[in-house]
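# sharing a model that was predicted from the sequence below.
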Amino acid sequence: MGCWATSFNLHLKAPSRVSVFFTMIVLLTYVFYCLTGFCDLTPIPLHERKPTFAQLHQERNASDKRDLLAQVTEEETTRLPGDLFNLSVSDSFGTKEFPQAIIIGVKKGGTRALLEFLRVHPDVRAVGAEPHFFDRFYDKGLEWYRNLMPRTLEGQITMEKTPSYFVTREAPGRIFTMNRNTKLIVVVRDPVTRAVSDYTQTLSKNPGLPSFQNLVFKNYSTGLIDTSWSAVRIGIYSKHLENWLRYFPLSSLLFVSGERLVTDPAREMERVQDFLGLKRLVTNKHFYFNQTKGFPCLKKPEGSSRPRCLGKSKGRAHPHISSDVLYKLRDFYRPFNLKFYQMTGQDFGWE
Ligand SMILES: Nc1ncnc2c1ncn2[C@@H]1O[C@H](COP(=O)(O)OS(=O)(=O)O)[C@@H](OP(=O)(O)O)[C@H]1O
């Protein structure tokens, strides 16, 4: 030790001795931190480190909490989504990415069911509430949008659903600007039942609403349909699709049958998973038909207390509409439906 100190004194000038001394202090401190487990010899940014099982578990619970909140408030789509997303969630791993796939429509088509079924897949992470970025909040900027997204690990895809995008003129161009390779999913449903479902939802919020018959016709005696009523306009799928095809090739879109999503959810999920390039992990064994609800629900995973059927606002009883009115509306949609079948190459079987 004495010898080492002597040679240290003999061979180094005073300023060098000071810098060597400090270097050693820094090195010793680093070694001490490593021994106590606080250092990483190949530093990875915190957010990119692999989560521990406990972190994953904690995150899953937090995400479930958000989902529940989202389900409660899901129909209040006018609410600014920030309220929901600012929950203090200890998401400290993964990265927030722009969605690679979006459920763009249609309103009352079965979009919530599809998103909830997809969330069963371990490689899908989705926002619970509807962000409404490409229609209402576009001026908030892309970073605002990205920040709403859940964190994802490598191999997982980010998704969101906002059914009003399908009928928003500016939405295709805006999504194209974000990423021209975005995969777009449209859940379509017989436009007549869709219109009644839409009306039922509005009626549930405003019981004083005029009758369906009063709203659907410009003039009942002439049978002229009022296309300025949004419940009617949304169902002219071929018109809205034209707008999307100005930006995206047909291969970027997947059309899911809202009817089959109820009668055979596993089959529609197969198509959706293929389209998204996911392993077919959501299968028949995940569903059961709930007689009380009258819809397929997700089987409850062991130990989970999470409700697996959709909430009361999904699957409402529709008011009785006279067959004459429905017949006229069906007549109105027929040519548009045929055009839609031609454009998509799919026959959805609506009368
Ligand atoms: N599994 C399951 N459970 C409950 N409901 C289901 C399901 N699958 C499809 N549907 C149909 O989804 C309709 C609501 O569609 P959306 O979720 O797209 O509505 S919304 O636009 O987000 O308000 C909703 O419409 P209504 O029946 O008119 O309420 C349902 O018919």
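Everything's here; your move.

# around the ligand, pick out the residues from the stretch 251-351 of the chain.
261, 262, 295, 296, 310, 314, 315, 316 (Cβ under 6 Å from any ligand atom). Glycine gets a C-beta too; all of them are placed from N, C-alpha and C.

# just the buried ones out of these, please.
Listed as buried from those are 261, 262, 295, 296, 310, 314; burial here means 16 or more other Cβ atoms under 10 Å.

# format those as TSV; extra columns: secondary structure and pLDDT.
Converted to TSV, these look like this (DSSP: H, G, I helix; E, B strand; the rest coil; pLDDT from 0 to 100):
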residue	secondary structure	pLDDT
261	helix	98
262	helix	98
295	strand	97
296	strand	97
310	coil	96
314	coil	97
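
# spit out the contact partners of the residue nearest the centre of the chain.
Nearest to the geometric centre of the chain sits residue 160, at 1.9 Å (Cα atoms, centre = their mean). Contacts for residue 160 (Cβ atoms under 8 Å, 6 or more residues apart in numbering) come out as 99, 102, 103, 126, 127, 130, 131, 148, 149.

# so how far is stretch 240-255 from its chain's centroid?
Computed by Cα atoms, centre = their mean, to the nearest Å, the separation of stretch 240-255 from the middle of its chain amounts to 19 Å.

# contacts for that stretch next, please.
Stretch 240-255 is contacted by residues 104-105, 166-167, 169, 172-173, 175-176, 180-186, 188, 234, 271-272, 275, 340, 343-346, 348 when judged by Cβ under 8 Å, 6+ apart.

# switch to 7 Å and redo it
Residues from elsewhere that reach stretch 240-255 (Cβ atoms under 7 Å, 6 or more residues apart in numbering): 166-167, 169, 172-173, 176, 183-186, 188, 271-272, 275, 340, 343-344, 346.

# which single one of the contacts of residue 160 is nearest to the ligand?
Within those, proximity to the ligand (Cβ to the nearest ligand atom) peaks at residue 130, which comes in at 7.3 Å.

# can you get me a residue count around the closest one?
If you count neighbours by other Cβ atoms under 10 Å, residue 130 ends up with 26.

# confirm that it sits in a strand.
No: counting by DSSP: H, G, I helix; E, B strand; the rest coil, residue 130 is not found in a strand; it is coil.

# picking up where we left off before, restricted to helices, list the contacts of stretch 240-255.
172, 173, 176, 271, 272, 275, 340, 343, 344 (DSSP state H).

# spit out the contact partners of the fourth one.
Looking back up the chat, that one is residue 271. So residue 271 contacts residue 254 (Cβ under 7 Å, 6+ apart).

# can we see that at 8 Å?
By Cβ under 8 Å, 6+ apart, the neighbours of residue 271 are 254, 256.

# ok, it to residue 311 distance?
Counting by Cβ to Cβ, to the nearest Å, the gap from residue 271 to residue 311 is 25 Å.

# how about the first one?
Relative to residue 311, residue 172 is positioned 30 Å away (criterion: Cβ to Cβ).

# neighbour count winner among these two?
Set residue 172 next to residue 311 and count neighbours by other Cβ under 10 Å: residue 172 wins out with 23 against 13.

# how about that one: what's its closest non-neighbour residue?
Leaving aside its sequence neighbours, residue 172 sits nearest to residue 247 (Cβ to Cβ, 6 or more residues apart in numbering; 4.3 Å).
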